[in-house]
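Trainee: Sequence plus the predicted model coming up.
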Amino acid sequence: GVQTCALPILLTTRVGTVLAVWYAYQSEEHIGARLVLARKSSGAREWNKSEVLLAPLPYSVANPVLFDEPAAGKIWLLFVGLKGGHWNHGEVQAVWSDDDGKTWSDPDTVWTGRGVMVRHPPMATAEGLLLPAYDEASRQAVLLRRTTGERRWHEAHRFVSPPLLQPALVRDAPGRLSLFFRPWRDRK
(Lines give C-alpha, C1' and ligand atoms only; values in the text may rest on other atoms or scores of the structure.)
Protein backbone atom coordinates (compact mmCIF):
# COMPACT_ATOMS: atom_id res chain seq x y z
CA GLY A 1 0.00 0.00 0.00
CA VAL A 2 0.87 3.66 -0.14
CA GLN A 3 3.15 4.82 2.66
CA THR A 4 2.81 8.27 4.22
CA CYS A 5 6.03 9.61 5.71
CA ALA A 6 6.94 12.36 8.12
CA LEU A 7 9.92 14.60 7.41
CA PRO A 8 13.24 12.93 8.24
CA ILE A 9 15.45 13.90 11.15
CA LEU A 10 19.14 14.05 10.16
CA LEU A 11 22.32 13.55 12.18
CA THR A 12 25.94 13.53 11.05
CA THR A 13 27.84 11.17 13.35
CA ARG A 14 31.35 11.68 14.70
CA VAL A 15 32.81 9.53 11.89
CA GLY A 16 30.88 11.37 9.16
CA THR A 17 28.01 8.93 8.59
CA VAL A 18 24.70 10.71 7.92
CA LEU A 19 21.67 9.07 9.54
CA ALA A 20 18.11 9.91 8.52
CA VAL A 21 15.15 8.67 10.58
CA TRP A 22 11.45 9.23 9.93
CA TYR A 23 8.17 7.50 10.66
CA ALA A 24 5.96 5.94 8.00
CA TYR A 25 2.43 4.56 8.11
CA GLN A 26 -0.19 3.09 5.78
CA SER A 27 -3.30 5.14 6.51
CA GLU A 28 -3.40 6.75 9.96
CA GLU A 29 -0.32 7.75 11.93
CA HIS A 30 -1.65 6.38 15.21
CA ILE A 31 -2.07 2.90 13.65
CA GLY A 32 0.99 0.87 12.72
CA ALA A 33 3.54 3.66 12.18
CA ARG A 34 7.15 2.46 12.21
CA LEU A 35 10.52 4.19 12.39
CA VAL A 36 12.58 3.98 9.20
CA LEU A 37 16.35 4.54 9.01
CA ALA A 38 18.58 5.39 6.04
CA ARG A 39 22.38 5.68 6.26
CA LYS A 40 24.94 7.37 4.04
CA SER A 41 28.52 6.46 4.92
CA SER A 42 31.20 9.16 4.96
CA GLY A 43 32.44 9.71 1.41
CA ALA A 44 29.70 7.55 -0.17
CA ARG A 45 27.73 8.93 -3.10
CA GLU A 46 24.61 6.85 -2.47
CA TRP A 47 22.38 6.24 0.54
CA ASN A 48 22.00 2.66 1.78
CA LYS A 49 18.56 1.12 1.31
CA SER A 50 16.21 2.31 4.08
CA GLU A 51 15.11 -0.20 6.70
CA VAL A 52 12.54 -0.44 9.46
CA LEU A 53 14.52 0.40 12.56
CA LEU A 54 12.94 -1.61 15.40
CA ALA A 55 11.34 -5.02 15.60
CA PRO A 56 7.56 -4.80 15.25
CA LEU A 57 6.12 -3.09 18.31
CA PRO A 58 2.53 -3.54 19.54
CA TYR A 59 1.93 0.21 19.15
CA SER A 60 2.53 3.01 16.68
CA VAL A 61 5.59 5.28 16.93
CA ALA A 62 6.21 8.89 15.92
CA ASN A 63 8.38 12.00 16.27
CA PRO A 64 11.93 10.59 16.11
CA VAL A 65 14.69 12.80 17.57
CA LEU A 66 18.35 11.88 16.93
CA PHE A 67 21.24 13.27 18.96
CA ASP A 68 24.84 12.42 19.72
CA GLU A 69 26.12 12.21 23.29
CA PRO A 70 29.92 12.10 22.86
CA ALA A 71 30.61 11.86 26.63
CA ALA A 72 28.66 8.58 26.73
CA GLY A 73 29.90 7.40 23.31
CA LYS A 74 26.31 6.92 22.16
CA ILE A 75 23.90 8.10 19.52
CA TRP A 76 20.40 8.37 20.96
CA LEU A 77 17.07 8.13 19.21
CA LEU A 78 14.12 9.41 21.21
CA PHE A 79 10.62 8.80 19.90
CA VAL A 80 7.02 8.69 21.03
CA GLY A 81 5.28 5.35 21.51
CA LEU A 82 1.56 5.92 20.93
CA LYS A 83 0.02 3.66 23.54
CA GLY A 84 -3.56 4.55 22.69
CA GLY A 85 -5.67 6.11 19.97
CA HIS A 86 -4.38 9.68 20.13
CA TRP A 87 -1.26 11.79 20.76
CA ASN A 88 -2.17 12.34 24.41
CA HIS A 89 -1.51 8.61 24.95
CA GLY A 90 2.15 8.90 23.93
CA GLU A 91 5.20 7.93 26.01
CA VAL A 92 8.76 9.13 25.37
CA GLN A 93 10.97 6.16 24.59
CA ALA A 94 14.61 5.80 23.57
CA VAL A 95 17.03 3.47 21.84
CA TRP A 96 20.78 4.02 21.58
CA SER A 97 23.66 2.91 19.39
CA ASP A 98 27.35 2.72 20.24
CA ASP A 99 28.44 1.60 16.74
CA ASP A 100 27.61 4.64 14.57
CA GLY A 101 23.94 3.68 14.15
CA LYS A 102 24.47 0.17 12.76
CA THR A 103 22.72 -1.58 15.67
CA TRP A 104 20.33 -0.24 18.30
CA SER A 105 19.32 -1.20 21.83
CA ASP A 106 15.85 -2.37 22.77
CA PRO A 107 13.34 0.44 23.42
CA ASP A 108 13.24 1.86 26.94
CA THR A 109 10.61 4.26 28.35
CA VAL A 110 12.54 7.33 29.52
CA TRP A 111 9.55 9.49 30.50
CA THR A 112 6.56 7.74 32.04
CA GLY A 113 4.00 10.56 31.87
CA ARG A 114 1.41 9.90 29.17
CA GLY A 115 0.93 12.59 26.55
CA VAL A 116 4.41 14.13 26.68
CA MET A 117 5.83 14.47 23.16
CA VAL A 118 9.26 15.31 21.75
CA ARG A 119 10.04 16.91 18.41
CA HIS A 120 13.44 18.64 18.67
CA PRO A 121 16.83 17.53 20.05
CA PRO A 122 18.17 18.31 23.51
CA MET A 123 20.85 20.89 24.25
CA ALA A 124 23.96 20.25 26.35
CA THR A 125 24.30 22.43 29.45
CA ALA A 126 26.72 22.44 32.38
CA GLU A 127 24.23 20.31 34.36
CA GLY A 128 23.60 17.74 31.60
CA LEU A 129 21.02 17.71 28.79
CA LEU A 130 17.92 19.88 28.48
CA LEU A 131 15.16 18.45 26.26
CA PRO A 132 12.30 20.57 24.90
CA ALA A 133 9.01 18.65 25.04
CA TYR A 134 5.31 19.31 25.34
CA ASP A 135 2.30 17.80 27.06
CA GLU A 136 -0.30 17.12 24.38
CA ALA A 137 -3.16 16.73 26.89
CA SER A 138 -2.60 19.99 28.79
CA ARG A 139 -1.09 21.85 25.80
CA GLN A 140 1.86 22.95 27.91
CA ALA A 141 5.49 23.09 26.86
CA VAL A 142 7.96 21.48 29.27
CA LEU A 143 11.71 21.25 29.62
CA LEU A 144 13.05 17.86 30.67
CA ARG A 145 16.53 17.46 32.20
CA ARG A 146 18.88 14.51 32.34
CA THR A 147 22.30 14.49 33.93
CA THR A 148 25.09 12.54 32.22
CA GLY A 149 24.82 8.84 32.91
CA GLU A 150 21.11 8.85 33.81
CA ARG A 151 18.58 6.97 31.67
CA ARG A 152 15.44 8.82 32.72
CA TRP A 153 14.49 12.43 32.18
CA HIS A 154 13.03 14.69 34.90
CA GLU A 155 10.79 17.73 34.50
CA ALA A 156 12.83 20.92 34.96
CA HIS A 157 10.20 23.53 34.02
CA ARG A 158 6.61 23.68 32.78
CA PHE A 159 5.22 26.63 30.79
CA VAL A 160 1.65 26.85 32.06
CA SER A 161 0.18 29.52 29.77
CA PRO A 162 -0.54 30.21 26.92
CA PRO A 163 -1.10 26.84 25.15
CA LEU A 164 2.20 26.08 23.37
CA LEU A 165 3.57 23.04 21.54
CA GLN A 166 6.79 21.74 19.96
CA PRO A 167 9.39 23.90 21.71
CA ALA A 168 12.85 24.13 20.14
CA LEU A 169 16.01 25.19 22.00
CA VAL A 170 18.63 27.36 20.30
CA ARG A 171 21.99 28.46 21.71
CA ASP A 172 22.05 32.11 20.59
CA ALA A 173 25.06 33.34 22.61
CA PRO A 174 27.64 31.80 24.96
CA GLY A 175 25.77 30.78 28.12
CA ARG A 176 22.38 31.79 26.67
CA LEU A 177 19.59 29.59 25.33
CA SER A 178 16.39 30.71 23.64
CA LEU A 179 13.23 28.69 23.33
CA PHE A 180 10.85 28.92 20.38
CA PHE A 181 7.33 27.50 20.38
CA ARG A 182 4.49 26.69 18.03
CA PRO A 183 1.07 27.94 19.19
CA TRP A 184 -1.48 25.24 19.94
CA ARG A 185 -3.90 26.70 17.39
CA ASP A 186 -2.87 28.38 14.19
CA ARG A 187 -4.71 31.68 13.83
CA LYS A 188 -6.18 32.54 10.43
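Mentor: Perfect, thanks for sending it.
Trainee: for whatever helix or strand Val170 lives in, packing partners?
Mentor: Here Val170, judged by DSSP states H and E, is contained in strand 164-173. Applying 3 or more Cβ pairs under 8 Å, 6 or more residues apart in numbering; DSSP states H and E, one finds that strand 164-173 contacts strand 128-135, strand 140-146, strand 176-183. Glycine gets a C-beta too; all of them are placed from N, C-alpha and C.
Trainee: for the ones you listed, which one sits closest to Val65?
Mentor: Minimum separation from Val65 across the helices and strands packed on strand 164-173 (Cβ to Cβ) falls at strand 128-135, 8.2 Å.
Trainee: same for the closest one, what does it pack against?
Mentor: Looks like strand 128-135 contacts strand 116-118, strand 140-146, strand 164-173 (3+ Cβ pairs under 8 Å, 6+ apart).
Trainee: Which strands border the second one, and is each parallel or antiparallel?
Mentor: What that stands for is strand 140-146. strand 128-135 (antiparallel), strand 154-159 (antiparallel) (DSSP bridges).
Trainee: Return the most buried member of those.
Mentor: With neighbours taken as mean count of other Cβ atoms under 10 Å, these reach their highest mean count in strand 128-135, at a mean of 23.
Trainee: hmm, who's touching that one?
Mentor: Residues outside strand 128-135 that contact it (Cβ atoms under 8 Å, 6 or more residues apart in numbering): 69, 78, 92, 111, 113, 115-123, 140-148, 150, 153, 156, 158, 164-169, 177, 179.
Trainee: now the angle from it to strand 176-183?
Mentor: 10 degrees (axes from the mean of the first three to the mean of the last three Cα atoms, to 10 degrees).
Trainee: Point to the residue nearest the middle of this protein.
Mentor: Closest to where the C-alpha atoms of the chain average out (Cα atoms, centre = their mean) is Val65, at 2.5 Å.
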